[in-house]
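Engineer: Next come a sequence and a model predicted from it.
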Amino acid sequence: MKEISKYEEYENKLQKLCEENGLTFSFERGTYPIRLTIRPKNQVEQPVLFETPEQEKTSEQAYIRFSFEDGEMKYKFSQTFVISDELLTKIKGLFKKMYFYWLQYFFS
């Protein structure tokens, strides 16, 4: 059962990372392929202190969906989703670890 505790450890790390960056996630492990979906949190509109160019705004319905298909990680951006390369790399690493620990737990 070591695998499930490692999976939960990485899930908690992803939860903390998402909270720090105003994101939510869902890990869909009941389907094939297993998917991780990241979305921006629905936040109450705050007064705009400065305008950002339209291409830098994140849509409320936007998401990033990660999956492993045929042993290869794939990800898809929907609509406009602004995220830093560093944050994207961290999320990809956590998803990879969660995915493989879940498989080890499921097939043990």
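Structural biologist: Arrived safely. Residues are numbered from 1 along each chain as shown.

Engineer: What is the strand or helix carrying residue 9 packed up against?
Structural biologist: Using DSSP states H and E, residue 9 falls within helix 2-20. Contact partners of helix 2-20 among helices and strands, from 3 or more Cβ pairs under 8 Å, 6 or more residues apart in numbering; DSSP states H and E: strand 23-28, helix 85-107. All C-beta spots, glycine's among them, are computed from the backbone N, C-alpha and C.

Engineer: residues of it that come out buried?
Structural biologist: 3, 6, 7, 10, 11, 14, 17, 18 (16 or more other Cβ atoms under 10 Å).

Engineer: Show me where the protein dips below the pLDDT cut-off.
Structural biologist: Across the chain, the ranges flagged by pLDDT under 70 are 1, 43-60.

Engineer: State the distance from the residue nearest to the spatial centre of it to residue 25.
Structural biologist: By Cα atoms, centre = their mean, the mean C-alpha position of the chain lies nearest to residue 38, the distance being 3.7 Å. From residue 38 across to residue 25, the span is 5 Å (Cβ to Cβ, to the nearest Å).

Engineer: Pull up the overlap in contacts between these two.
Structural biologist: Common contact partners of residue 38 and residue 25 (Cβ atoms under 8 Å, 6 or more residues apart in numbering): residue 18.

Engineer: that older thread, now the helix holding residue 9 against helix 85-107, angle please.
Structural biologist: Inter-element angle recorded for helix 2-20 and helix 85-107: 150 degrees (by axes from the mean of the first three to the mean of the last three Cα atoms, to 10 degrees).

Engineer: Now do helix 2-20 against strand 23-28, angle only.
Structural biologist: Angle, helix 2-20 to strand 23-28, by the same axes, to 10 degrees: 150 degrees.

Engineer: Output helix 2-20 as PDB, nothing but the C-alphas.
Structural biologist: Taking Å, rounded to 0.1, in the frame of the first residue of the first chain, the C-alpha atoms of helix 2-20 are listed here in PDB:
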ATOM      1  CA  LYS A   2       3.000   2.200  -0.200                       C
ATOM      2  CA  GLU A   3       1.900   3.300  -3.700                       C
ATOM      3  CA  ILE A   4      -1.400   4.800  -2.600                       C
ATOM      4  CA  SER A   5       0.300   6.900   0.200                       C
ATOM      5  CA  LYS A   6       2.800   8.200  -2.400                       C
ATOM      6  CA  TYR A   7      -0.100   9.000  -4.800                       C
ATOM      7  CA  GLU A   8      -1.800  10.900  -2.000                       C
ATOM      8  CA  GLU A   9       1.400  12.800  -1.100                       C
ATOM      9  CA  TYR A  10       1.700  14.100  -4.700                       C
ATOM     10  CA  GLU A  11      -2.000  14.800  -4.800                       C
ATOM     11  CA  ASN A  12      -1.600  17.000  -1.700                       C
ATOM     12  CA  LYS A  13       1.300  18.800  -3.300                       C
ATOM     13  CA  LEU A  14      -0.700  19.400  -6.400                       C
ATOM     14  CA  GLN A  15      -3.600  20.700  -4.300                       C
ATOM     15  CA  LYS A  16      -1.300  23.100  -2.500                       C
ATOM     16  CA  LEU A  17       0.300  24.300  -5.800                       C
ATOM     17  CA  CYS A  18      -3.200  24.900  -7.300                       C
ATOM     18  CA  GLU A  19      -4.400  26.800  -4.300                       C
ATOM     19  CA  GLU A  20      -1.300  29.100  -4.300                       C
END
